[in-house]
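In: coordinates only, sequence not included:
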């Protein structure tokens, strides 16, 4: 299924996503049109390790009116205007009192910042510094926030699965808790949905199972890990947090804490061999949900792929992280790169040359040129020689591809031919 | 014995070497004037792992005559003109038919290429592209190849040996299967013959045995390994393929697959410490006979030393790889470098300082200056201090030389003095 | 106790230090005003491994008089004028005979060289090449050296100790055997005395014991090791030779032979993170007393810290290594750097995060900002996150500081807070 990323983006954009609430529910419902999502509700108050699911937060309206009754700020027009998880209020107040509840970015005067106060009760508004500067210094404003906290509500989460031959699993996750911003975060869930279909279309009978998780950041992954602790430790082959992947900047791969997951190695291989430039970071314990998957008790091989990474672009967590910042074409390419990485994970194996003493006479099998000449050996003939020499139970195909500088997929093609000639066999550890 | 490399070269040059045949026999006979060769004949049809010794190929004459009866190509004048292992033919044919059997190098119009078709029956001629371009487009040519395949013939191989105290063996090999070309291949066998005498003259009572193997490339080494499999696995300390070592370009050391042979380490040490520039390659499964010795079932520490390496110089496998491309002086220096590497292999040991607690008072033994002064310590005094500090059973002399930046042979000289003073002893592994 | 380095320096300067003698005794007596020194006398003739304490050497006067009776060289004015350990003599001799006993530095015509002949009986004078050149070529000189060798004398050594909770010990040593030179050697003992007080003042209840050793170079450390062999092997956590540390050049850290002592790692960390430039040398078996501590039988983690290192500055071992070459302020800073390194050694530990599954909710403990904002996390909050993620029993604080690029002392402060919150515990190896 090839769907139009842009039209989905446009429908998701205005929804008020947060840790909980109807915006999240609506978001997952729209995404479930694209991939078969299993949506669940986790009751507020549920304990997850050191944390508790907070009450469900919903907002009907929120605004500031000036003394003439004009709405100078309106949540219904831009949900970034409201401090996330604001408590309700209705009050007139002088500008001086109001100023304590307004968040701006003096260095970026046109941008409305994104702010939240999930676990400490506050109310507040965010606005551009330009607007803030224009507020009359001697005026009374009417403040209205029609928000509710519902202890009886729930946190909405979802997952999709592609079943593989084994229940060893590759986890792909992003989050659905940010209101109207594009790179962070709508790009993540959208690229995941494309990836789902690219895997379906390009990896016919997958060896591994693929799980796609859509949850609010931090509390969502902590809940998931608290309820799937033994399962994920048992089944996880590799995992990835896909976020900030909407623009056309070079990729940034943040490695897992353990640093040697097969998925991160595959992505790094693709970046190294197919991208002009990219960034590679060792794990650091800030960022997104990899903080939880890579906490020392789990230490799972969860990496993260971004383009313009959180904190490294000036539009981050502001109203400038909008549709004009991102590229749907670049998102499609990101999904394809991830799909190719999954193919490498699927196809990478260690083999054994069944005739390890000297070279086989490949020529009599039609696998080697019978007439000597410069450049008589094609890439696939070179691939035969590399594979046969290094298939000794110690080197996987990615190693051979790396060392030989022959494309992984050419190596894979050569392996198939050698397997058909019964020269090579899968290596089974003793 | 110091023989004149050039006069030997001149006698070897015109012989038609191939996998088998009288050219090979004659070549080894001439080389046996230089070193005591044991020459053997391996019957055609002999099975060697996946391969079979092909029938013996000999050529009496081969030419192309134009319609006026002029020989425009003549094997007797330049044996590169004939496709190696061509089948016999005598036929008149139109230029258009003949073109399918002519090999040229359009990018190097003056060069005659070297081509073979050992295991697939073909006939053909090689010529310069310049000559090829001048062939009249409407003419009939007479083709004559008086070649024979003899199933009852044999492949000719030879070896020489310098007996050492131990039957642990250093293998030195090159090949004798290329017709009139200089760097690849006459340089290899000639440097080996010089090396034989340099070892005889400079390593009086060698610790190791040295075996010099002269065989056709690929099929020769495969035959050798198939008939000496257990022996070579048991005895091989290190090995080297000496080829393309005729010109004055910087050395290229291609490491073995296992990468840590004592001979390649010694050569690398000499290149690093005595050469302005050199190239160092990790093993790759193309090239010469190291492909067989380093096949995964053997995985022997066989490196390869070249100057302008196969495939990396434009004259390679053409008529331009001739006497003017090489330097007899450079070959002499190559043989000396190899001899020095063998000395390092011979002398390198791990020792034990018999007085490991604090320094010995070297001054009272006459081994240290008794008057303090700048530069009072000579290189050999420094060598004493390095050797005594690091002779703990874990560091060999090459390591000490590398770390101290003191010449290996100075280290060796200092060791002899310390042994005489009974301060040092050979380390015997527990 | 903050004492005036310069006034101590001025009192120590004129004393005639050597392997033995009253100059050494007087030196240690002055130092014992600064720190509580335990001074010992080791009888001459005592055997220490391969060495013997030489007879005690004392000089009353030594001079050269010209034929007019003018003292042209006088030991009482500059003790460098006399070859160290010179034998007594009183004789008139022609300039030609005298020349064999005069040491100069032709390349540094203003400098008087420092020379000794400890274990071979000689007599001699050192003078500037300028003075040497001016000696009249046809004159008789009177030579007088009133020196004595006393077999019944002794070698004077001293140590100070700061007792720690454990008898595991950090050794700090320098030597007291050079006459009037400043960088090499007075800087070493002076910096050690300052360091003693800085440790006292800044490490209230030290975990480790600190031993400060003052002995003549080589024979002193060999004697110490011969009499404390099992003790030092048992107790030594790390050691350092502090020498040539008087000027304001960048630091040079010479690593120990084993290379991984906690003290050298701490110093290297401080150099890397706080110094614009510094030099780092692997161990080499020349230099100072580290040669003994790092001899293969001991192989103790003794590093050495210098500024302008022996042999690397032109004033070394000459009369130009004087008060104008050094800086008392730079010596104070060197002592502080060493004290900070000792703090790191004391505070560095491996911890265990007691809540390893996912992150703790630091916000509810007041350890994390409750309002999201750029730069809301301070350095100490980041330190919490790094410490909690990597405190798994495998990473010490220095590793965490290095990887996170957060100052070690900020890390230490964050650890204290986390310990108070009972989130973290010291890791006890199973």
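Out: Yep, that arrived. Owing to the predicted nature of the structure, the values given are computational and were not obtained by experimental measurement.

In: What is the neighbour count of whichever residue of the stretch 251-400 of chain A sits closest to chain C?
Out: Residue of the stretch 251-400 of chain A nearest chain C, by CB to the nearest CB: residue A:297 (3.2 Å). (C-beta placed from N, C-alpha, C; glycine too.) For residue A:297, the neighbour count with other CB atoms under 10 Å in any protein chain shown is 16.

In: With adjacent residues omitted, what lies nearest to it?
Out: For residue A:297, ignoring the flanking residues on the chain, the nearest one in space by CB to CB, 6 or more residues apart in numbering or on different chains is residue C:356 at 3.2 Å.

In: can you confirm the one you found is in a strand?
Out: No. Using DSSP: H, G, I helix; E, B strand; the rest coil, the assignment for residue C:356 is coil, not a strand.

In: In this structure it contacts residue A:296, no?
Out: Yes. Residue C:356 is within contact range of residue A:296, at 4.4 Å (criterion: CB atoms under 8 Å).

In: quick one, which of these two is more surrounded?
Out: residue A:296 (20 against 16).

In: how close does that one sit to residue C:357?
Out: According to CB to CB, to the nearest Å, residue A:296 and residue C:357 sit 9 Å apart.

In: which stretches of the stretch 201-350 of chain A form strands?
Out: Secondary structure of the stretch 201-350 of chain A (DSSP state E, counting those that start in this stretch): strands at A:209-215, A:236-242, A:252-254, A:279-281, A:302-306, A:350-353.

In: Can you read off the pLDDT for the residue lying closest to residue A:308 once chain neighbours are set aside?
Out: In this structure, residue A:308 finds its nearest non-sequential neighbour in residue A:249, 4.5 Å apart by CB to CB, 6+ apart. On pLDDT, residue A:249 comes in at 98.

In: where's residue A:191, which helix or strand?
Out: Assigned by DSSP states H and E, residue A:191 belongs to helix A:187-202.

In: try residue A:91
Out: strand A:89-94.

In: per-residue confidence averaged over that strand?
Out: Mean predicted lDDT for strand A:89-94 stands at 97.

In: Flag the shaky bits of the stretch 301-430 of chain A, pLDDT-wise.
Out: Scanning the stretch 301-430 of chain A for pLDDT under 70 picks out the ranges A:430.

In: residues from it in reach of chain B?
Out: Those residues of the stretch 301-430 of chain A that sit near chain B, judged by CB under 8 Å from any CB of the partner chain, are A:353, A:355-361, A:363-364, A:370-374, A:377, A:382, A:385-386, A:388-392, A:403-404.

In: which residues in the stretch 301-430 of chain A form helices?
Out: According to DSSP state H, counting those that start in this stretch, the stretch 301-430 of chain A carries its helices in the segments A:328-347, A:379-390, A:397-404, A:408-420.

In: can you list the residues of the stretch 301-430 of chain A near chain C?
Out: Contact residues, the stretch 301-430 of chain A versus chain C (CB under 8 Å from any CB): A:311, A:317.

In: and if we set it to 6 Å?
Out: Counting by CB under 6 Å from any CB of the partner chain, no position of the stretch 301-430 of chain A is adjacent to chain C.

In: Looking from chain B, tell me which residue of the stretch 301-430 of chain A is nearest.
Out: Relative to chain B, the nearest point of the stretch 301-430 of chain A is residue A:356 (3.2 Å; CB to the nearest CB).

In: Show me the contact partners of stretch A:402-409.
Out: By CB atoms under 6 Å, 6 or more residues apart in numbering or on different chains, the residues outside stretch A:402-409 that reach it are A:344, A:379, A:383, A:386, A:401.
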